[in-house]
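> Need coordinates for the following:
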Amino acid sequence: MTNPSIEQIFPALTWRIRQLAMYPEKEITDMELAEDWDGMHFGLYYEHELTAVVSLFISGTTAQFRKMAVLPSDQRKGFGFQLLSYVINYCKEQGIQLLWCNARVDAVEFYKKFGFINIGEPYLRNQIAYIKMELTF
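Residues are numbered from 1 along each chain as shown. Below you'll find the model as predicted:
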């Protein structure tokens, strides 16, 4: 078994993973974010297959990550943890002071493991409950 590797990837490579993991009922053409071409995208490869993705958008010393997704067949194997750890370390190296996301409420405990804290109150978007979470460095 090979260790996962993480590298920067082309934005369009994120779309299939986003669809399979987060929006299986939607078309792959619905997966592109208007901001995708302005962001950075990281992919975790496991046994030579793109298995997890995340998109990072940096503005000054603040960064937001969006659309972190792991293939359904590979969830709960630690790949999301490894990918977010990589993004956090990358942000620290870039001098980012605040990293934030709009987390699905059912994933809050996952983000708390990294030190993220809830900001504000949960809200609904497309029948899914989210809450803003932040990590300061």
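
> Stretch 101-114: end-to-end distance?
13 Å (C-alpha to C-alpha, to the nearest Å).

> residues in contact with it?
64-66, 68, 80-81, 84-85, 88, 116, 118, 122, 128-133, 135 (C-beta atoms under 8 Å, 6 or more residues apart in numbering). Heads up, the C-betas are built off the backbone N, CA and C, glycines and all.

> Identify each buried residue in that stretch, please.
Cys101, Ala103, Arg104, Val108, Tyr111 (16 or more other C-beta atoms under 10 Å).

> List the buried residues of stretch 72-80.
Asp74, Phe79, Gly80.

> same question, stretch 6-13
Ile6, Ile9, Pro11.

> per-residue confidence at the first one?
Which is Ile6. Turning to Ile6, the model gives it a pLDDT of 98.

> Asp39: what's it in contact with?
That one is not Asp; residue 39 is Gly. Contacts of Gly39 (C-beta under 8 Å, 6+ apart): Pro11, Leu33, Ser55, Leu56, Phe57, Ile58, Arg66.

> Surely the last one forms part of a strand?
It refers to Arg66. Yes: using DSSP: H, G, I helix; E, B strand; the rest coil, the assignment for Arg66 is a strand.

> neighbours of it, just the number please.
Neighbourhood size, Arg66 [other C-beta atoms under 10 Å]: 18.

> Excluding residues flanking it in the chain, which one is nearest it?
Leaving aside its chain neighbours, Arg66 sits nearest to Ser55 (4.9 Å; criterion: C-beta to C-beta, 6 or more residues apart in numbering).

> any idea how far the residue lying closest to Leu124 once chain neighbours are set aside is from Asp30?
Excluding the flanking residues, the one nearest Leu124 by C-beta to C-beta, 6+ apart is Tyr130, at 7.6 Å. Distance, Tyr130 to Asp30, using C-beta to C-beta, to the nearest Å: 18 Å.
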